[in-house]
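**Student:** Quick one, what's the 3D model for this:
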Amino acid sequence: MIIDTKAPALVITRIFDASPERVFEAWLVQEEFGSWIGPEGIHCDVPLFEPRVEGRYRLTMHLPDGRALPIAGVFTAIEPNRRFSFTWGGEGDPRQTLVSVELRDLNGRTELTLRHEGLPSTEHDGHDKGWNSALNKLGFHLAASNAAA
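**Tutor:** Residues are numbered from 1 along each chain as shown. Take a look at the predicted model:
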């Protein structure tokens with residue numbers, strides 16, 4: 001696995017109306033993760049999901065034009081309700097990137113900071129749009145689960 005740590009990192013911070021425990025669960029429970037991951041307008045299947053250090057995951061993004069984009073990686077760190085990280089890249093591609101997510105409790109709300117390292121500059125903007133769109137979906141997912149509770 002090759003991660004280019006010299007490339008500038010993409011960093012996104014969002015605040016969610018949910019506890020760190022709830023946000024952590026939305027990321028690390030397979031059914032929940034599969035219900036919101038991916039940019040708006042894109043459905044993802046998550047056939048493999050092992051949320052433990054050295055556990056693997058695999059997802060397929062189904063693009064509006066009919067193409068399928070397989071993504072795979074490995075969880076590299078998990079600290080319940082506080083932080084986790086995983087590699088991210090095309091399935092079978094030796095060039096991987098690293099996604100790290102930190103959760104900070106704000107009295108029942110959560111500040112989430114996502115850091116995506118190792119992106120080539122040519123892919124930075126696309127991943128910025130993609131992660132922001134996916135985080136929009138996460139916000140809707142959390143709000144819906146709050147309303148159902």
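
**Student:** buried set for whichever strand or helix holds Val101?
**Tutor:** Per DSSP states H and E: Val101 is located in strand 97-106. For strand 97-106, the neighbour count (16 or more other C-beta atoms under 10 Å) marks Thr97, Leu98, Val99, Ser100, Val101, Glu102, Leu103 as buried. Every C-beta, even on glycine, is put in place using the N, C-alpha and C of the backbone.

**Student:** Would you mind listing the residues in contact with the fourth one?
**Tutor:** With contacts taken as C-beta atoms under 8 Å, 6 or more residues apart in numbering, Ser100 has the following neighbours: Ala77, Arg83, Phe84, Ser85, Leu114, Arg115, Glu117.

**Student:** Shouldn't the first one be within a strand?
**Tutor:** Yes: judged by DSSP: H, G, I helix; E, B strand; the rest coil, Ala77 forms part of a strand.

**Student:** That one: how many residues sit nearby?
**Tutor:** Neighbourhood size, Ala77 [other C-beta atoms under 10 Å]: 12.

**Student:** my guess is it meets Arg83, correct?
**Tutor:** Yes: judged on C-beta atoms under 8 Å, Ala77 makes contact with Arg83 at a distance of 6.8 Å.

**Student:** re the thing from before, closest to Tyr57 out of the contacts of Ser100?
**Tutor:** Nearest to Tyr57 among the contacts of Ser100 is Phe84, at 11.4 Å by C-beta to C-beta.

**Student:** Can you tell me how far the closest residue to the closest one other than its chain neighbours is from Glu91?
**Tutor:** The shortest distance from Phe84 to any non-neighbouring residue, by C-beta to C-beta, 6 or more residues apart in numbering, is to Ile78 (4.6 Å). For Ile78, the distance to Glu91 equals 21 Å [C-beta to C-beta, to the nearest Å].
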